[in-house]
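Undergrad: could you work out the structure for the sequence below:
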Amino acid sequence: MFREAKSFVLHNTFKAFISAETAVKKLGGGKLVPNIFETEPKYVGSSVRILKETDDTTYIAKYDAKGRIDNGNFKIMVTTDLHLWNKKDLIEKSLDMLAKHLAAEKPDLLLITGDAILTDFQQLDCIQFGKFMEKTGIYWAYCFGNHEARAEKEFHKYFMLKNIESFPHCLSKFGDPSLFGYGNFKINIMNADNTIKQSIFMFDSGRDMEPEHNVAHGLPADMEGYDFIKKGQIDWYKNSIKELEAEHGKFKSMVLMHIPLKEYEEVAKPDGNGGYIPTGEAEILFGEMREDVGSSPYNSGLFDAILELGGTNAVFAGHDHINDFCALYKGVYLVYAQCNGYNTYTIGERLGWPEKDWIQGVTVVNVAKDGSLTFRQRFNRDYL
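TA: Got it, this is the predicted structure:
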């Protein structure tokens, strides 16, 4: 109850503070208040409606001009690692590029796989980002990356999620409080006949391995590395699939988190000369591996559960900013969502490429009535 009361007070205080700052910024010609987002996205609107909600699920559907559920294609835009972090010009550049992609593509849903709002004003800026998205009129959802967790600065994911989920077009939810992290939830895209076109599972993939979680999973307490999806989260995924199948029949689904699964390493291997070569174990549809996969050293078994149940046809991750491949591995697409941010390491910094060749952008996913997927990339460089 204390957290609920505190988050309510903080949220409303922050919203009032942003409104006051915006007014002061206008009066001061932009010089008095440096941290207000200035990018104004175009209004796109949406033909998507929320059908119903539970504690961890939102049911949505796309409607046609006659007010009927549209069984046709559903367009999802996925991006990651905006890294909105302190350098004002790069924050605005990232937001401007995202706004351009949204206006051009008019997606039915935007999904962000973490590491987006990282500033020293995190609690304020997640509200600013929510306001930015509300201006587009597009539904969106957000799962946390490793950099949103800043307990050492007392910026807590709990309060961030409280702020984000308050916006009408945000579909993020806390989900089951017994699960690890904040924001394990799903979005079911429905067809007119009450079948599921696609179910979207979003996970909090954590930050770094912690002794208590290591021991609970039979690992050495001092094992180090990026975090992993916990057993409880995997059980939630499996139970959710079975419960939904009992009500709606077989359906397709996708899984999104920030830190890539260990299986991403099966797509390509270091060639010994600083590059990477395909392993032959996966079919690469587009993109490349240009840096080591930043997965956890521990494979907790989510991909095994995906293969066991057989309905999930794609996994999306972020985290590794200059990897952008989409590969088919054991019948499942392993996709790196396109990194959109500039306030972080880039392919220019790592490989010396000119900005006209950088890979910042978004990934567009078209979902057919039967849940099948097609993918394509959009690049920020097209707007330079």
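
Undergrad: let me see the contact set for the spatially most central residue of the chain.
TA: Nearest to the mean C-alpha position of the chain, counting by C-alpha atoms, centre = their mean, stands residue 113 at 1.9 Å. Contact analysis of residue 113 by C-beta atoms under 8 Å, 6 or more residues apart in numbering lists 78-80, 143, 145, 256-258, 316-318, 337. In this view, the C-beta of every residue, glycine as well, is placed from N, C-alpha and C.

Undergrad: ok, residue 156 to residue 163 distance?
TA: As for residue 156, its distance to residue 163 is 11 Å (criterion: C-beta to C-beta, to the nearest Å).

Undergrad: ditto for residue 260
TA: Distance of residue 260 to residue 163, computed by C-beta to C-beta: 27 Å.

Undergrad: which of the contacts of residue 113 fall within strands?
TA: When the contacts of residue 113 are checked against strands (DSSP state E), the matches are 78-80, 256, 316-317.

Undergrad: and of the residues you listed, the nearest to residue 218?
TA: residue 317 (24.4 Å; C-beta to C-beta).

Undergrad: beta partners for the closest one?
TA: residue 336 (DSSP bridges).

Undergrad: please apply the same query to residue 312.
TA: Assigned bridge partners for residue 312, using DSSP bridges, are residue 253.

Undergrad: residue contacts, it?
TA: 201, 252-255, 306, 332.

Undergrad: for residue 64, same thing?
TA: 47, 70.

Undergrad: re earlier: and which of the contacts of residue 312 is nearest to residue 97?
TA: For those, the nearest to residue 97 is residue 254 (23.8 Å; C-beta to C-beta).

Undergrad: of all pairs in the contacts of residue 312, which one is the farthest apart?
TA: 201 and 332, at 13.2 Å, using C-beta to C-beta across the contacts of residue 312.

Undergrad: more neighbours, the two?
TA: residue 201 (25 against 21; other C-beta atoms under 10 Å).

Undergrad: what pLDDT is listed against the more buried one?
TA: In this prediction, residue 201 carries a pLDDT score of 98.

Undergrad: surely it touches residue 244?
TA: No - if you go by C-beta atoms under 8 Å, residue 201 and residue 244 don't touch, sitting 10.6 Å apart.

Undergrad: need the overlap of contacts for these two.
TA: By C-beta under 8 Å, 6+ apart, no residue touches both residue 201 and residue 244.

Undergrad: any chance of the contacts of residue 113 in JSON lines, plus distance to residue 52, neighbour count and pLDDT?
TA: Shown next, in JSON lines, are those (distance: C-beta to C-beta, whole Å; neighbours: other C-beta atoms under 10 Å; pLDDT from 0 to 100):
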{"residue": "78", "distance to residue 52": "24", "neighbour count": "24", "pLDDT": "98"}
{"residue": "79", "distance to residue 52": "27", "neighbour count": "27", "pLDDT": "98"}
{"residue": "80", "distance to residue 52": "29", "neighbour count": "29", "pLDDT": "98"}
{"residue": "143", "distance to residue 52": "21", "neighbour count": "28", "pLDDT": "96"}
{"residue": "145", "distance to residue 52": "29", "neighbour count": "28", "pLDDT": "94"}
{"residue": "256", "distance to residue 52": "22", "neighbour count": "25", "pLDDT": "98"}
{"residue": "257", "distance to residue 52": "25", "neighbour count": "28", "pLDDT": "98"}
{"residue": "258", "distance to residue 52": "28", "neighbour count": "31", "pLDDT": "98"}
{"residue": "316", "distance to residue 52": "25", "neighbour count": "27", "pLDDT": "98"}
{"residue": "317", "distance to residue 52": "29", "neighbour count": "26", "pLDDT": "98"}
{"residue": "318", "distance to residue 52": "29", "neighbour count": "32", "pLDDT": "98"}
{"residue": "337", "distance to residue 52": "28", "neighbour count": "26", "pLDDT": "98"}
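
Undergrad: which of these lies closest to residue 190?
TA: Using C-beta to C-beta, these come closest to residue 190 at residue 256, 18.8 Å.

Undergrad: got a list of what the nearest residue to residue 227 once chain neighbours are set aside touches?
TA: Excluding the flanking residues, the one nearest residue 227 by C-beta to C-beta, 6 or more residues apart in numbering is residue 206, at 3.0 Å. Residues in contact with residue 206 (C-beta under 8 Å, 6+ apart) are 146, 149, 180-181, 226-228, 259.

Undergrad: show me the domain layout of this protein.
TA: 1-36, 38-383 (automatic domain parsing).

Undergrad: ranking those by burial, who's on top?
TA: For the domains of the chain, average neighbour numbers computed from mean count of other C-beta atoms under 10 Å are highest in domain 38-383, which has a mean of 19.

Undergrad: distance between the ends of that one?
TA: 18 Å (C-alpha to C-alpha, to the nearest Å).

Undergrad: quick one, phi psi at residue 195?
TA: Here is the backbone geometry of residue 195 (degrees, to the nearest 10): phi -90, psi 160.
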